[in-house]
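**Student:** Fold the following and give me the result.
(chains A, B, C and D)
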2 protein chains.
Amino acid sequence: MTADASDTADPARPPLPAGAAPAGSRAAAARRGGRRHAGRPTMKDVAAQAGVGLKTVSRVVNGEAGVSSDTERRVQEAITSLGFRRNDSARVLRKGTTASVGLVLEDLADPFYSPLSRAVEEVARAHGALLINGSSAEDPEREQELALALCARRVDGLVIVPASDDHRYLAPEIAAGVATVFVDRPPGRIAADLVLSDNFEGARTGVAHLIAHGHRRIGFIGDRPGIHTAKERLRGYRAAMAEAGLPVADAWVAPGSTDSDRVRADAARMLDGTDGTEPVTAFFSGNNRVTVTLVRELAAPERRDRPVALVGFDDFELADLLSPPVTVVAQDPADLGRSAAELLFRRLDGADDEPRTVSRPTALIARGSGEIPPGD
Amino acid sequence: MTADASDTADPARPPLPAGAAPAGSRAAAARRGGRRHAGRPTMKDVAAQAGVGLKTVSRVVNGEAGVSSDTERRVQEAITSLGFRRNDSARVLRKGTTASVGLVLEDLADPFYSPLSRAVEEVARAHGALLINGSSAEDPEREQELALALCARRVDGLVIVPASDDHRYLAPEIAAGVATVFVDRPPGRIAADLVLSDNFEGARTGVAHLIAHGHRRIGFIGDRPGIHTAKERLRGYRAAMAEAGLPVADAWVAPGSTDSDRVRADAARMLDGTDGTEPVTAFFSGNNRVTVTLVRELAAPERRDRPVALVGFDDFELADLLSPPVTVVAQDPADLGRSAAELLFRRLDGADDEPRTVSRPTALIARGSGEIPPGD
DNA sequence: ACGTGATCTGACAACGTTGTCCAGACCGCT
DNA sequence: AGCGGTCTGGACAACGTTGTCAGATCACGT
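**Tutor:** Just a heads-up that it's a prediction; the model follows:
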């Protein structure tokens, strides 16, 4: 029959073709160890070395009771002498649970999402789980690819900041028992746990703040309207204006990409009133990237003489050190991540009730830029 | 390698109602679950449903040749009807390779490390691998715990930003074939691939810049001296001073925690010359957290009358919008991460030569704060 | 001496996948 | 019809771990 367990086909390959990832290291390991099969030591090897049974090694490794201290010592010695480390893949296969959770978000390096990710990691750690994460780059297809790859690895749970608006592809996974929680944006065409900031109310409050300081013509520059948060914030802007009885000119509302050229162009248009509409005296910006671009535009020398008020959605580092310091509607991304992870582990601990939605409040932080009076 | 996992992902769902009633699919799952053991369907289940052999299903799932198109169709139908997804744990166990890499760093949410992490993820993705990452919180024990947990999961490779100064615990893992690359700081008591910024040269250049603008009394506030980068930057500071023939008073050198109270206290001490030493006219700060704290301290109203120059190690967002804009010695964290990941996959592709060290240059970015002349 | 538990230990069968190997079926050719 | 070859398809044994269960061993009370 097959060559004995000692060797899994190793047709000597001195000129390694690039492509076989494990081949090189495996070959190296083979040269080095020369033991039974070219891999790492297994419990079987440890058992042989210690002169005990396989299961006894398993018991020692897992700290189970029922092993005499003498046997345990022998096994421990064999373990350290062989450099054994349990193969968790096999364990996972046997136990059916991976003690790991997946996180799919837009961009791990975004200062808004990185604390969120860290918070999820922290909660996972507290539950003895590892975190696997991937960035979707706001690409629905990539989100799906990532999420399904994580499911194939049998993560116990999934935290998702959606880039797509249709998550029916997850239905079989959820049905099969993968706990799933959405954060920051709701899932599409599927029911699941959800953690959101109160985007509508936050935006309403921020715009009302500008109105309270005397502004009547306020520009809104936001993210692409397909994104849930962008939509909600725009809704909040309109609500605040309506509540104050103020009209909203079409020219004052500019959703779109967060590309800085786009944002600057729209801002300039609103400030200069090029299209016959009266110029705005204040901006409400839909997220931190837009805010930063606006700060740059407003700080330009040619804009200095006519100060424009600004309230931004999302806090950011050093906002308090700019001149003027930037007034923001702050979310707490770490709190969002923590809440989502806690919801997730609640499911993993067996909660089986209806999907729930958690809404987290935002906080208006007045620092200066939002309290500038209208210049007209 | 994992790319084909997504092939099976397409749920092409003719039988599902467009309305996507989750209850419906759940019920379907329950019916299905009534099968063997209430778990997820396996290839065996698919084989039974399609009326083919187990291996044939495997072939279809992996896109292997040698399956007639009719059989393939039957198998695909069974797959979607059962909601089957390959169990990668079993695959990993069988194949011995996980197509995943681990990343251990200090803090995923740190604006310096998050682009690094993202860059590693991007390279991993290009090689079809997932990224598992963990934050060590600058705790050596936690670093070890994390790194070994990742090894137990048989990640193919490991990228580490060390928190510890002794990595002998990794020797058995590396010997067993886990490719390992260190970034930002060198490994301790072990040889391995390494990617570093040229901290010494960067600091020397930054301090020389201040000297060139007329400063003779320059304070250094840095990170804890146990950290390699902190040590190197301090060495660069001393070298620049020595090259200019300038003495360095003990009171001007303050390594320590990045805690803002500590930093402010040391800064205040140096500025006021409380201990008989002449006050400094400029600061060189050892990292971005220190820089930000210094900016805050120098911007305090009572300091306004005597401008102090500042050059910081590490760039940070909005540095150009502060007043004055902050001159920095910039590293490129994404570049560090990318280089490290490339080194890693070079190993995974079979490279078996001596460990190599890659040094990346830094760039001085003059923005204003470093060009302020001495005020005495 | 003899059960009688209590304690310790190991054989064995999963877990779900993939690699090996062999057996038919079917083809075109002599 | 016989022969060699190419396609298909499936049986079976790994991969390394853990759960089950039953066998050994031992101390102890009768």
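**Student:** From here on, just use CA atoms for contacts and neighbour counts.
**Tutor:** Fine.
**Student:** okay, the residue of the stretch 201-350 of chain A found nearest DNA strand C: pLDDT?
**Tutor:** Closest contact between the stretch 201-350 of chain A and DNA strand C, by C-alpha to the nearest atom of the strand, is at A:L348 (18.5 Å). Note on A:L348: pLDDT of 95.
**Student:** check contacts around it.
**Tutor:** Counting by C-alpha atoms under 8 Å, 6 or more residues apart in numbering or on different chains, A:L348 makes contact with A:156-157, A:179.
**Student:** can you put the residues you listed in TSV and add pLDDT, distance to A:R40 and secondary structure?
**Tutor:** Formatted as TSV, the contacts of A:L348 follow (pLDDT from 0 to 100; distance: C-alpha to C-alpha, whole Å; DSSP: H, G, I helix; E, B strand; the rest coil):
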residue	pLDDT	distance to A:R40	secondary structure
A:D156	97	27	coil
A:G157	97	30	strand
A:A179	96	33	strand
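**Student:** Just want to check the distance between the residue of the stretch 201-350 of chain A closest to DNA strand C and A:T97.
**Tutor:** Distance, A:L348 to A:T97, by C-alpha to C-alpha, to the nearest Å: 11 Å.
**Student:** Give me the common contacts of these two.
**Tutor:** A:D156.
**Student:** Highest neighbour count among the contacts of A:L348?
**Tutor:** A:G157 (26 neighbours; other C-alpha atoms under 10 Å in any protein chain shown).
**Student:** Does it touch A:S100 like I think?
**Tutor:** Yes - A:G157 is within contact range of A:S100, at 7.3 Å (criterion: C-alpha atoms under 8 Å).
**Student:** a strand runs through A:P279, doesn't it?
**Tutor:** No - counting by DSSP: H, G, I helix; E, B strand; the rest coil, one finds A:P279 to be coil, located in no strand.
**Student:** neighbours around it, how many?
**Tutor:** When neighbours are counted by other C-alpha under 10 Å, A:P279 registers 20.
**Student:** Is it in contact with A:A268, as I believe?
**Tutor:** No - under the criterion of C-alpha under 8 Å, A:P279 makes no contact with A:A268, lying 9.6 Å away.
**Student:** and the stretch 101-250 of chain A, which of its residues are near DNA strand D?
**Tutor:** By the rule C-alpha under 7 Å from any atom of the strand, no part of the stretch 101-250 of chain A lies against DNA strand D.
**Student:** For DNA strand C, what is the nearest residue in the stretch 101-250 of chain A?
**Tutor:** Residue of the stretch 101-250 of chain A nearest DNA strand C, by C-alpha to the nearest atom of the strand: A:A152 (8.6 Å).
**Student:** Tell me which residues touch that residue, please.
**Tutor:** Neighbour list for A:A152: B:85-89 [criterion: C-alpha under 8 Å, 6+ apart].
**Student:** Select, from those, the two members most distant in space.
**Tutor:** Largest separation among those by C-alpha to C-alpha: B:R85 and B:S89, giving 11.6 Å.
**Student:** how much space between A:V161 and B:A65?
**Tutor:** In terms of C-alpha to C-alpha, A:V161 sits 37 Å off from B:A65.
**Student:** Of the two, which one has the most company?
**Tutor:** Applying other C-alpha under 10 Å to A:V161 and B:A65 shows that A:V161 carries more neighbours, namely 25 against 8.
**Student:** Next, the more buried one: phi, psi?
**Tutor:** phi -100, psi 110 (degrees, to the nearest 10).
**Student:** One more: A:F283?
**Tutor:** Dihedral angles for A:F283 - degrees, to the nearest 10 - are phi -120, psi 140.
**Student:** hang on, it packs against A:A309?
**Tutor:** Yes - counting by C-alpha under 8 Å, A:F283 touches A:A309, with 6.2 Å between them.
**Student:** mind checking how far the residue positioned nearest the centre of chain A is from A:S117?
**Tutor:** Centre of chain A computed as the mean C-alpha position; nearest residue by C-alpha atoms, centre = their mean is A:L105, 3.8 Å away. When distance is defined by C-alpha to C-alpha, A:L105 is 9 Å away from A:S117.
**Student:** try A:R216
**Tutor:** According to C-alpha to C-alpha, A:R216 stands 39 Å off from A:S117.
**Student:** out of these two, which sits in the more crowded spot?
**Tutor:** Here A:R216 and A:S117 are set side by side on neighbour count (other C-alpha under 10 Å), and the busier one is A:S117, at 26 against 19.
**Student:** Tell me the pLDDT of the nearest residue to that one once chain neighbours are set aside.
**Tutor:** Leaving aside its sequence neighbours, A:S117 sits nearest to A:G337 (C-alpha to C-alpha, 6 or more residues apart in numbering or on different chains; 6.4 Å). A:G337 carries a pLDDT value of 98.
**Student:** what's the spacing between stretch A:309-329 and its chain's center?
**Tutor:** Stretch A:309-329 sits 23 Å away from the centroid of its parent chain (C-alpha atoms, centre = their mean, to the nearest Å).
**Student:** Of all the residues in that stretch, which ones are buried?
**Tutor:** For stretch A:309-329, the neighbour count (16 or more other C-alpha atoms under 10 Å in any protein chain shown) marks A:309-316, A:318-322, A:324-329 as buried.
**Student:** what is the mean pLDDT for that stretch?
**Tutor:** Taken as a whole, stretch A:309-329 carries a mean pLDDT of 96.
**Student:** does chain B sit close to that stretch?
**Tutor:** Yes - residues of stretch A:309-329 contacting chain B under C-alpha under 8 Å from any C-alpha of the partner chain: A:318, A:321-323.
**Student:** now swap in stretch A:252-261 and tell me
**Tutor:** No - counting by C-alpha under 8 Å from any C-alpha, chain B is not contacted by stretch A:252-261; separation bottoms out at 14.2 Å.
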